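1. Just need the structure, nothing else, for what follows:
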Amino acid sequence: MQGVDITIPCIFNLIFDINCLGCGLTRAFTELIKLNFREAWSYNPIIFIVMPAISYFIISDYFKYRQSQKSIL
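-> This next block holds a predicted model:
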């Protein structure tokens, strides 16, 4: 039985047959969620830069939001 592939195809890869910097990030992210760091690295090592950056921006925006709510009250 084959698995279902729900990942978004890369247009750059389809046209030029070369992996772009974002290729494999979705698969790397799913492996990172499973705590499978080696597989995540093999799909795309940039995930170890992208995820901390995204986490930082989400947390930073949350604290900015909380601060703005305190100033309204």
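2. Relative to residue 31, how far out is residue 39?
-> Separation of residue 39 from residue 31 (CB to CB, to the nearest Å): 4 Å. C-beta: built from backbone N, CA, C; applies to glycine.
3. out of the two, which sits in the busier spot?
-> With neighbours defined as other CB atoms under 10 Å, residue 39 and residue 31 compare such that residue 31 has more, 20 against 13.
4. where's the more buried one, which helix or strand?
-> Secondary structure here is read from DSSP states H and E; on that basis residue 31 sits in helix 25-33.
5. how about that helix: buried residues?
-> Of the residues in helix 25-33, those buried by neighbour count under the rule 16 or more other CB atoms under 10 Å are 25, 27-29, 31-32.
6. again with stretch 51-58
-> For stretch 51-58, burial by neighbour count (16+ other CB under 10 Å) applies to no residue.
7. Only C-alpha atoms, please: export it in PDB.
-> In PDB, the C-alpha atoms belonging to stretch 51-58 read as follows (Å, rounded to 0.1, in the frame of the first residue of the first chain):
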ATOM      1  CA  MET A  51      12.100  26.900  13.000                       C
ATOM      2  CA  PRO A  52      13.900  28.900  15.700                       C
ATOM      3  CA  ALA A  53      13.400  32.100  13.700                       C
ATOM      4  CA  ILE A  54       9.700  31.400  13.300                       C
ATOM      5  CA  SER A  55       9.400  30.600  17.000                       C
ATOM      6  CA  TYR A  56      11.100  33.800  17.900                       C
ATOM      7  CA  PHE A  57       8.800  35.900  15.800                       C
ATOM      8  CA  ILE A  58       5.700  34.200  17.100                       C
END
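8. End to end on stretch 5-18, go ahead and measure it.
-> Chord length of stretch 5-18, first to last residue, is 20 Å (CA to CA, to the nearest Å).
9. Same check on stretch 35-51?
-> Taking CA to CA as the measure, stretch 35-51 stretches 13 Å from start to finish.
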